[in-house]
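> turn this into a structure:
(chains A and B)
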Amino acid sequence: MWPSAPPASPSIRHAPARRQWKEAGLAYLFLLPSALILGAFGFLPLLNALALSFRDWRLSPGGFVGFANYTKALAPASEFWQSLGVTGYYVLGTVPATLALGYLLAELLHSRIRGLAFYRSLFFLPYIVSPVAAAAVWRWILHPSFGIATSAVSPLGLEPQWLREEAGVFALAAQGLHVTLPAWAAGPSVALVCIIAVTIWHNLGFAVVVLLAGLAAVPTDLTDAARLDGARGWRLMRQVKLPLLSPTLFFLTVIFTIRAFQTFTQIYVLSIDHRGGPAYTTRNVTLYIYQCFNDFQARLGAGYGCAVAMLLFLIVLGLTLLQFRVLGSRVHYQ
Amino acid sequence: MPTSLSLRRRWAAGLAAHLALGVAGLLVAFPFLWMVLGSIKTGEEASAIPPALLPAVPQWRNYVDAWTSAPFPSYFLNSAVVAVSVTVLVVLSALLAGYAFGLLEFPGKSLLFVLYLATLMIPFEVVLIPNFLLINQLGWHNTYRAMIVPWGASAFSVFLVTQTYRALPRDFFEAAQLDGSGHWQFLWTVAAPLARPALATAGLFAFLGSWNSLLWPLLVTQNDRLRPIEVGLLYFLEAEGPRPHLLMAASTLAMIPILVLFFLAQRTFIEGVSAGVKG
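Okay, here's the model as predicted:
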């Protein structure tokens, strides 16, 4: 009989240890699938990219070249700087406008029970639909001859080339005033501004939904108290509502900035030749990395592409830390 | 008459708000309307200058023509296979890992959790090239596996599930342990149903991300046999340049699955995005 019933006292003494050991084993087993995938396609490639960025890898794997890829990217007036300029315009053009418009719409929708769900869903639609299909529609709307946007402005005597126009918007505006601007002040091309506008259309719903959730979390007693004290309109918004909403606005600023720096699809599908045209005025850094890698003449190659990617990563990381320091310190948490 | 004045003022403010919302809504909705209208015009109507606003006779045939002029059934099937597989993998791996992080004790737990969250910081453009090389080394180029496996786990989903379990009262779990039911049984009968909202959010965004992804499938597919709808549509757009009515019909078709999903799961979408504020 005793074999089936082991001695009681040692089992009790060992039970906790054995149970802990079993629990840990089970935990590692449960973590295995996700750890394998995140390790193999997240951490490992990060290290590989760093190693690759110090190698020459064009048509075939080549040797160690030190910082040559980095110095090539950072040389004065290089393609990297040019693409970083496009990225800069894109970030500055999309992030503040999306936040401002999103806040305005959320404020208009907030506390309006009727129509809220309808508008929220409507604004959110562009965010989820196929980017390629959406780009097809926009390219047709912005077609230089039979686009409806072209027909809409042609009574004004305009013949815009939209996504095909490489001239900078500041240069065009100055031209209207008979002033010639230096090349560096030409501003983003008309094509890039069109892409920025479509991006705002795409991201607006995300901002509205998040800001509505933020507004719903603002306690009404604080705004009511401020109203009783005579705060109205602009002052109520600036001194009471915006501080209360600052965690949400901060979250959106950081998320949108990082995403804008990394955007590929939005720009690739709208860029007229899918190569950052016209005249590379819509080629941002991510598109450039893709080209390094897809470069058939192997002029740039994978090693150089990884160096550019690392530079972009460092820029985004530095900027995010800066945002946390500068903006984060002004965020009011309740 | 202060009351009637302020009433009238509020009425005017309400009207202005509705007007502003209406204009914004119309601007946002316009591309969708224009696409659907364009999809039922004739080729001449679609490329007239100035464009015809409405088709004289709705050309429903455009949908048949678009559907048959490229291997769309195969594109949709590929997207469905890839997106459903990614969703299943993400949900399962997040459930298991979330259970481990949220309910089990083991050495190295907090370090591993931080490492998981750190993967959220890794930008895709940095790992793009090494991952492509890795896929080639594994011999996975131009396979479903290449489109599925790298996206089969998401640290954000693990985080969502972990948070759900951490919010549970401790004794709730210990009671089940004393009950004699093992972890495996407890996971499926109690823990998984409890995490359903988090798993729904994780699954929905995994599906959406996979269905709408372009860059990765563009790199790892080589022919129509494996191309998902986004890549297939892109090639179709390139090839069909001058026939906007067919492009609009194809674009409408490409949008339908996600639109259906959105209207079925609207609340999960909205709550999933709103969760970003609290998280």
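> excluding chain neighbours, what is closest to the single nearest residue of the stretch 201-334 of chain A relative to chain B?
Relative to chain B, the nearest point of the stretch 201-334 of chain A is residue A:213 (3.6 Å; C-beta to the nearest C-beta). For the C-beta atoms, the positions are set from N, CA and C on the backbone; glycine is no exception. Once flanking residues are discounted, residue A:213 sits nearest to residue B:274: 3.6 Å by C-beta to C-beta, 6 or more residues apart in numbering or on different chains.
> any regions of chain B where pLDDT drops low?
B:1-5, B:172-173, B:175-181, B:240-242, B:276-279 (pLDDT under 70).
> most centrally placed residue in it?
Central residue of chain B (C-alpha atoms, centre = their mean): residue B:208, 1.3 Å from the mean position.
> re earlier: show me the contacts for the residue nearest to residue A:213.
Taking C-beta atoms under 8 Å, 6 or more residues apart in numbering or on different chains as the criterion, residue B:274 is in contact with A:209-210, A:212-213.
> please apply the same query to residue B:234.
Residues near residue B:234 by C-beta under 8 Å, 6+ apart: A:132, A:269, B:214, B:218.
> do that again at 6 Å, thanks
Neighbouring residues of residue B:234 by C-beta atoms under 6 Å, 6 or more residues apart in numbering or on different chains: residue A:132.
> got the phi/psi numbers for it?
phi -60, psi -50 (degrees, to the nearest 10).
> could I get the contacts of residue B:274 as CSV with distance to residue A:235?
Below are those laid out as CSV (distance: C-beta to C-beta, whole Å):
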residue, distance to residue A:235
A:209, 27
A:210, 25
A:212, 23
A:213, 25
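> the nearest residue to residue B:109 once chain neighbours are set aside: neighbouring residues, count only.
Closest residue in space to residue B:109, ignoring its immediate chain neighbours: residue B:101 at 6.8 Å, by C-beta to C-beta, 6+ apart. Applying other C-beta atoms under 10 Å in any protein chain shown, we find 25 residues neighbouring residue B:101.
> likewise for the one 3 residues further on?
Counted with other C-beta under 10 Å, the neighbours of residue B:104 add up to 19.
> tell me which element residue A:63 falls in.
strand A:61-64 (DSSP states H and E).
> now that strand - C-alpha only, CSV.
This file holds the C-alpha atoms of strand A:61-64, laid out as CSV (Å, rounded to 0.1, in the frame of the first residue of the first chain):
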residue,chain,number,x,y,z
PRO,A,61,28.4,40.5,-48.4
GLY,A,62,31.6,42.5,-48.2
GLY,A,63,34.1,43.3,-45.5
PHE,A,64,34.3,45.7,-42.6
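> what's that strand in contact with?
A:54-56.
> coming back round to it: what helices or strands is the helix or strand the residue nearest to residue B:109 falls within leaning on?
Assigned by DSSP H and E, residue B:101 belongs to helix B:72-103. In terms of contacts (3 or more C-beta pairs under 6 Å, 6 or more residues apart in numbering or on different chains; DSSP states H and E), helix B:72-103 is packed against helix A:8-38, helix B:144-148, helix B:155-166, helix B:196-212, helix B:229-239.
> ok, back up a step: and the residue nearest to residue A:213, that's in a strand?
No: applying DSSP: H, G, I helix; E, B strand; the rest coil, one finds residue B:274 to be helix, outside a strand.
> enumerate the residues of the stretch 1-150 of chain A near chain B.
A:23-24, A:26-27, A:30-31, A:33-34, A:37-38, A:41-42, A:45-46, A:48-49, A:105, A:108, A:119, A:122-123, A:128-130, A:132-133, A:136-137, A:140, A:146, A:148 (C-beta under 6 Å from any C-beta of the partner chain).
> any quick PyMOL command for the buried ones out of those residues?
Buried subset of the residues of the stretch 1-150 of chain A next to chain B, written as a PyMOL selection, criterion 16 or more other C-beta atoms under 10 Å in any protein chain shown:
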select buried, chain A and resi 23+24+26+27+30+31+33+34+37+38+41+42+45+46+48+49+105+108+119+122+123+128+129+130+132+133+136+137+140+148
